[in-house]
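Novice: next one to model:
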Amino acid sequence: LYCNSSIDLWIRCLGNNSLLQPLWDSLRLNYRDYLRSPLFPVVLTVSSYFVLCLPFLMCDIMGDRWAWVQQFKIQPSRRPTASKLLHCAGVTLYNHVFLVLPASVAQWVWRPPVDLPDQAPSLLELIAGVIGNLLLFDFQYFIWHLLHHRIRWLYVTFHAIHHEYSSPFALATQCLGGWELVTVGFWTTLNPVILRCHLLTTWAFMVVHVYVSIEDHCGYDFPWSTSRLIPFGIYGGPSKHDVHHQKPNTNFAPHFSHWDKIFGTHCVWFLYTESDPEL
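Specialist: Predicted structure coming up:
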C-alpha cells in the first residue's frame, strides 16, 4: 500500500504542470528575444558540444597522469595524438563555419521568430518527449547508417571520414562529412516538430542528444555511463559504439540496441588487432 502511494505521488509530481513553470517563466520573460531567434538552437547545440567535450578531452590529454581514469579506457593502448585531436577540431569548426552557420543565417532571414507559449510542459511530458525524440532519431539514423555501410559508394563518398579512427574519442563525434552533418541536423530539428514537442522539451532533447553522442564516442566506459544506468542492455553506449568503430559492420544504431538485435548486427565485444580490415 505504501509502495502504491509513493508511485502515485511520483506520477502526480511528474505530471504537475507547475513544476517547470518558474523556470519557463524566467526564460521567456528575461530572454525572450534570444529564445525566439532561429539562431538560438544552433548556438545551444554548438556551445553544448564543445563544453561537453571538454571533460573527455581532458582525460585524453592527461593520459597516464590520471591513472584512475585510464582504467576505464576501452582501448588502453590506443590514445588520440595531438594531430588527431587538431584534425577533428578543424573538421568540426570548418563544417560549422561553412555549413551550419550559413544555413542558420539563411533560416534567420526567411523564418519568422517562433512564439513562446505561456504554459511550460510537465516534467513527465519533457522526459517522454526527450525519450521519444531519441527513439525516433535512433530509427532514422540506423537506416541511414546501415545503407552507408552496405553501399560502398555512399560509404566512401560521405561516411568514411568518420571511420578514420578505429578507437574513437570525444572530438571525433562530429568529425563528419558535410552531407552527414546536414542530415543529422535536419532530423534533430525536424523530429521535435513531428512529435509536437514544447520548445523547452526540444531544447532539452538537443542537449541530451549532443551529450549521449559525445559519450558514445568518448572511448571510456565509466561506471556512470548512460548504458550502465539503463538496465537490461537496452542502451548501447560507448562500449558498443567503440565496437562499431573497430568492426564497422556491427552496432549501427547510435543509441539503443533493439534495431541491431532485430537485424542481426548487434555485437557486444570485439578485440581489435592490427590485421583486421576497416570495412
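
Novice: which stretches of this protein form helices?
Specialist: Read by DSSP state H, the chain holds these helices, from start to end of the chain: 2-14, 21-30, 32-36, 40-62, 67-70, 82-95, 101-110, 123-150, 152-154, 178-194, 199-217, 226-229, 237-246, 258-263.

Novice: just how off-centre is the last one within its chain?
Specialist: This points to helix 258-263. The gap between where helix 258-263 is centred and where its chain is centred comes out at 19 Å by C-alpha atoms, centre = their mean, to the nearest Å.

Novice: next: the third one.
Specialist: Going by C-alpha atoms, centre = their mean, the spacing between the C-alpha centre of helix 32-36 and its chain's C-alpha centre is 24 Å.

Novice: got a list of contacts for that helix?
Specialist: Leu27, Arg28, Phe40, Pro113, Val114, Asp115, Leu116, Leu199 (C-beta atoms under 8 Å, 6 or more residues apart in numbering). (C-beta placed from N, C-alpha, C; glycine too.)

Novice: ok, back up a step: nearest to Leu171, of the helices of the chain?
Specialist: Distances from Leu171 to each of the helices of the chain were compared using C-beta to C-beta; the shortest belongs to helix 82-95, at 4.1 Å.

Novice: on that earlier part again, spatially, which two of the contacts of helix 32-36 are the most separated?
Specialist: It's Leu27 and Pro113 that sit farthest apart of the contacts of helix 32-36, by C-beta to C-beta, at 14.8 Å.

Novice: these two - which one has more neighbours?
Specialist: Each of Leu27 and Pro113 has its neighbours counted (other C-beta atoms under 10 Å); Leu27 has more, 18 against 13.

Novice: spatially speaking, which residue is in the middle of the protein?
Specialist: For the chain, Ser213 is the residue whose C-alpha lies nearest the centre (C-alpha atoms, centre = their mean; 2.8 Å).

Novice: looking at the helices of the chain, which is buried most?
Specialist: Taking mean count of other C-beta atoms under 10 Å as the contact definition, the stretch among those with the greatest mean neighbour count is helix 237-246, which reaches a mean of 24.

Novice: output the contacting helices and strands for that one.
Specialist: Under the contact criterion of 3 or more C-beta pairs under 8 Å, 6 or more residues apart in numbering; DSSP states H and E, helix 237-246 touches helix 199-217, helix 226-229.

Novice: can I get those helices in CSV with mean pLDDT?
Specialist: Listed next are the helices and strands packed on helix 237-246 as CSV, based on pLDDT from 0 to 100:
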stretch, mean pLDDT
helix 199-217, 96
helix 226-229, 92
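
Novice: hmm, back to that, verify the stated contact: the residue nearest to the centre of the chain with Gly237.
Specialist: No. Counting by C-beta atoms under 8 Å, Gly237 is not a contact partner of Ser213; they are 11.4 Å apart.

Novice: okay, and the common contacts of these two?
Specialist: Any residue near both Ser213 and Gly237 by C-beta under 8 Å, 6+ apart counts here, and not one turns up.

Novice: need the helices and strands packed on helix 237-246 in JSON lines (columns: distance to Leu190).
Specialist: Listed next are the helices and strands packed on helix 237-246 as JSON lines, based on distance: least, C-beta to C-beta, whole Å:
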{"stretch": "helix 199-217", "distance to Leu190": "11"}
{"stretch": "helix 226-229", "distance to Leu190": "24"}
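
Novice: tell me which of the ones you listed lies nearest to Ala170.
Specialist: Here helix 199-217 is closest among these (C-beta to C-beta), at 5.2 Å.

Novice: C-alpha coordinates for the closest one, PDB please?
Specialist: Taking Å, rounded to 0.1, in the frame of the first residue of the first chain, the C-alpha atoms of helix 199-217 are listed here in PDB:
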ATOM      1  CA  LEU A 199      10.200  24.300 -27.000                       C
ATOM      2  CA  LEU A 200      11.700  23.500 -23.600                       C
ATOM      3  CA  THR A 201      11.400  19.800 -24.400                       C
ATOM      4  CA  THR A 202      13.000  20.400 -27.800                       C
ATOM      5  CA  TRP A 203      16.000  22.200 -26.300                       C
ATOM      6  CA  ALA A 204      16.400  19.600 -23.600                       C
ATOM      7  CA  PHE A 205      16.400  16.900 -26.300                       C
ATOM      8  CA  MET A 206      19.000  18.700 -28.300                       C
ATOM      9  CA  VAL A 207      21.400  19.000 -25.300                       C
ATOM     10  CA  VAL A 208      20.800  15.400 -24.200                       C
ATOM     11  CA  HIS A 209      21.300  14.200 -27.800                       C
ATOM     12  CA  VAL A 210      24.600  16.100 -28.000                       C
ATOM     13  CA  TYR A 211      25.800  14.600 -24.700                       C
ATOM     14  CA  VAL A 212      24.900  10.900 -25.500                       C
ATOM     15  CA  SER A 213      26.500  11.300 -28.900                       C
ATOM     16  CA  ILE A 214      29.700  12.500 -27.300                       C
ATOM     17  CA  GLU A 215      29.600   9.800 -24.700                       C
ATOM     18  CA  ASP A 216      29.200   7.100 -27.400                       C
ATOM     19  CA  HIS A 217      32.500   8.300 -28.900                       C
END
